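S.K.: got a predicted model here, sequence first, then my questions.
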Amino acid sequence: MNCKNALIIFIIFLIFSFIVMSIPFVTEADVTCIKYVQSILSEVNSQIPIASGGVIFYIMICIPLFLGNLYFLFRKMYKNIFLFSAVPFVSYFINSIIKAVIQRPRPPIELQIEEHMSSSSYVSRHTFVTACVFGIFIYFVCLYCRNKLLRNFLIIISAIWIVFEGFSRIWLGVHNPTDVIGALILACVFLIFYMRLIQKLN
């Protein structure tokens, strides 16, 4: 995908963000969706989504970075070490800017299984950073992993974790579904530009 595709997706993100912020029905639908998810998962241990947003979140971010950079170090691909290591910091910075500009309130406190009143809600930081890190990891796996079975395994596990991390934020009631969707759309823009940067610098 080229920069034109990234621009189109970014325009979609802007339109989506405008709809989210300007149409009250969207927030009402978000709340209904959170209640539904929590009702069908009421018997499931809530420590599962809580853990995915805490220590496990950071561990899962570190795993692909460690594996990828270990491979790049062995192959003496030092540019890729720098580029891959920068992903969580760059994505965190972008997310902080989006949050500061939009400042969407989090879901009602009574829906939050794990109380999370600080910072704004849009877009979901956990979802965005996870999608960016694992998205670039998938890109590198496709480029450098020659073992088809291992490649498919790593891609599937990465994709599952991206989806679960976003879903867990809805389950906990700390993010609206549209916060997660917005994060995934924005991550697509980030990934296209970042992959182009990697191609140019290698």
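M.R.: Cool, got the structure. Residues are numbered from 1 along each chain as shown.
S.K.: measure stretch 114-131 end to end?
M.R.: End-to-end distance for stretch 114-131: 22 Å, by Cα to Cα, to the nearest Å.
S.K.: list the contacts of the nearest residue to residue 193 once chain neighbours are set aside.
M.R.: With sequence-adjacent residues excluded and distances taken as Cβ to Cβ, 6 or more residues apart in numbering, residue 193 is closest to residue 6, at 5.6 Å. For the C-beta atoms, the positions are set from N, CA and C on the backbone; glycine is no exception. Neighbouring residues of residue 6 by Cβ atoms under 8 Å, 6 or more residues apart in numbering: 188-189, 192-193.
S.K.: over to residue 9?
M.R.: So residue 9 contacts 185, 188-189, 192 (Cβ under 8 Å, 6+ apart).
S.K.: make a markdown table out of those residues and add distance to residue 122 and neighbour count.
M.R.: Formatted as a markdown table, those follow (distance: Cβ to Cβ, whole Å; neighbours: other Cβ atoms under 10 Å):
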| residue | distance to residue 122 | neighbour count |
| --- | --- | --- |
| 185 | 11 | 20 |
| 188 | 16 | 19 |
| 189 | 15 | 20 |
| 192 | 21 | 21 |
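S.K.: how about the contacts made by residue 155?
M.R.: Contact analysis of residue 155 by Cβ under 8 Å, 6+ apart lists 138, 141-142.
S.K.: out of those residues, which end up buried?
M.R.: Buried residues within these, counting neighbours by 16 or more other Cβ atoms under 10 Å: 138, 141.
S.K.: just the closest of the contacts of residue 155 to residue 181, please.
M.R.: residue 138 (19.5 Å; Cβ to Cβ).
S.K.: now do the helix or strand where that closest one lies: which elements does it pack against?
M.R.: Under the criterion of DSSP states H and E, residue 138 resides in helix 125-144. Contact partners of helix 125-144 among helices and strands, from 3 or more Cβ pairs under 8 Å, 6 or more residues apart in numbering; DSSP states H and E: helix 55-74, helix 78-102, helix 148-172, helix 177-201.
S.K.: kindly calculate the angle that it makes with helix 148-172.
M.R.: 170 degrees (axes from the mean of the first three to the mean of the last three Cα atoms, to 10 degrees).
S.K.: buried residues in helix 125-144?
M.R.: Neighbour-count burial for helix 125-144, counted by 16+ other Cβ under 10 Å, picks out 125-141.
S.K.: what of stretch 21-37?
M.R.: 26-27, 30-31, 34, 37.
S.K.: counting only strands, which of those make the cut?
M.R.: Judged by DSSP state E, the subset of the buried residues of stretch 21-37 located in strands is empty.
S.K.: give me the subset of those residues lying in helices.
M.R.: Among the buried residues of stretch 21-37, DSSP state H puts 26-27, 30-31, 34, 37 in helices.
S.K.: for this protein, where's the lowest mean pLDDT among helices and strands?
M.R.: When each helix and strand of the chain is scored by mean pLDDT, DSSP states H and E, helix 47-52 comes last, with a mean of 85.
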